[in-house]
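> with the input below, show me the fold.
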Amino acid sequence: MLLGPRPNDIQSGGFDNWPFMTTHSWDENPKGEWTLEIKNTGFAKNRGPLKRFSLVFFGTSYRDPECKLYDTNGTCLECNKNLHAHFDTCVETCPTGFCEVLKDGVRVCTACPCPATNDDHGGCFHRSQKGLANGKQQHALQPGDGEQRYGVLRNKLNPSTRYLSTAALVTLAILGCVIITLLITGMLLLIEWWQPSIRKEYRQVSAITDDCGCCACEDSETENNRGRDLQMEA
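Here you go, the predicted model:
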């Protein structure tokens, strides 16, 4: 909002050539088309109609003298002789990570990798102005180009690798659950099969122990009686 409500600006005769200034700072790129919307609002008792207005912009504008052609957004499309268009500026040589390409008769800086300037190792090469002037393409490896090329390849490979690793993890998790379930089931079945055998053996051992105890008692009583008889005879 450029101008908020001003409830104290009231005059019975109206405002003629009433100047006021408002400032506004946008935290965005001001380039492009803007639409100004004016609402004539006021109090119920005092609603004067707006007859005319004028809008004056105060600011700074910069036009690069090295740029030959701009688009509607202010981006440089074509630079003057021996210069390359790099976003909204003109440069003599493209910076690291960009290569010089002739596109539709216009020199532009294109992000690496460039098909015409790649080597076998995947580095992005730079065409020097001196080599172009002499009709020769002199290539010089730019620092960090190999890393950028590696980053491009890594970004291309990452999606499939990520999907593959996810599928492998899911498969391993399922197999682990199946193995654990089988182990638990086997242990339960083994316990169920083993318990009746233990009980049966325990019962047999108990029966044998009882029988031996009775016999031992009878034998001891018989021996005692025989001993008494011998004493009496003597």
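> near D64, how many other residues are there?
Counted by other C-beta atoms under 10 Å, the residues lying close to D64 total 15. Placement of C-beta: from N, CA and C, glycine included.
> and it, which of the three is it?
Here D64 takes the coil state, with states given by DSSP: H, G, I helix; E, B strand; the rest coil.
> my read: it touches T89, true?
Yes - using C-beta atoms under 8 Å, D64 is in contact with T89, at 6.5 Å.
> in this protein, which helix or strand is least confident?
helix 129-133 (a mean of 39; mean pLDDT, DSSP states H and E).
> so for whichever strand or helix holds L69, mean pLDDT?
Taking DSSP states H and E as the criterion, L69 maps to strand 67-70. In this model, strand 67-70 has an average pLDDT of 82.
> so where is this structure shaky, pLDDT-wise?
1-17, 19-30, 40-48, 57-63, 114-164, 196-234 (pLDDT under 70).
> and stretch 33-52, end to end?
22 Å (C-alpha to C-alpha, to the nearest Å).
> ok, how many other residues are close to H84?
Per other C-beta under 10 Å, the neighbour tally for H84 reads 23.
> just list what the strand holding L69 packs against, helices and strands only.
If you count contacts as 3 or more C-beta pairs under 8 Å, 6 or more residues apart in numbering; DSSP states H and E, strand 67-70 packs onto strand 76-79.
> could you redo the last one with a cut-off of 10 Å?
If you count contacts as 3 or more C-beta pairs under 10 Å, 6 or more residues apart in numbering; DSSP states H and E, strand 67-70 packs onto strand 76-79, strand 84-86, strand 89-91.
> which parts of the longest one are buried?
By 16 or more other C-beta atoms under 10 Å, the buried positions in strand 76-79 come out as C76, E78, C79.
> what are the contacting residues of it?
Applying C-beta atoms under 10 Å, 6 or more residues apart in numbering, the contact partners of strand 76-79 are 63-64, 66-71, 83-92, 104-108.
> quick check: T171 is in a helix.
Yes - per three-state DSSP, T171 lies within a helix segment.
> CSV please, covering the helices and strands packed on strand 67-70 and showing distance to E37.
Formatted as CSV, the helices and strands packed on strand 67-70 follow (distance: least, C-beta to C-beta, whole Å):
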stretch, distance to E37
strand 76-79, 32
strand 84-86, 36
strand 89-91, 34
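> between these, which gets nearest to K51?
Of all the helices and strands packed on strand 67-70, strand 76-79 sits nearest to K51, with 42.2 Å by C-beta to C-beta.
> pull the CA atoms of that closest one into PDB?
Taking C-alpha atoms only, strand 76-79 is exported to PDB below (Å, rounded to 0.1, in the frame of the first residue of the first chain):
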ATOM      1  CA  CYS A  76      20.500  -7.700 -21.600                       C
ATOM      2  CA  LEU A  77      19.900  -9.800 -24.700                       C
ATOM      3  CA  GLU A  78      22.700  -8.600 -27.000                       C
ATOM      4  CA  CYS A  79      25.900  -6.700 -26.200                       C
END
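> adjacent strands (with direction) for that strand?
Under the criterion DSSP bridges, strand 76-79 sits next to strand 67-70 (antiparallel) in its sheet.
> okay, buried residues for the strand holding L69 please.
C67, K68.
> just the C-alphas of it, formatted as CSV.
Included here for strand 67-70 are C-alpha records, laid out as CSV according to Å, rounded to 0.1, in the frame of the first residue of the first chain:
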residue,chain,number,x,y,z
CYS,A,67,24.3,-3.5,-23.9
LYS,A,68,22.8,-3.2,-27.3
LEU,A,69,19.3,-4.8,-26.8
TYR,A,70,17.2,-5.2,-23.7
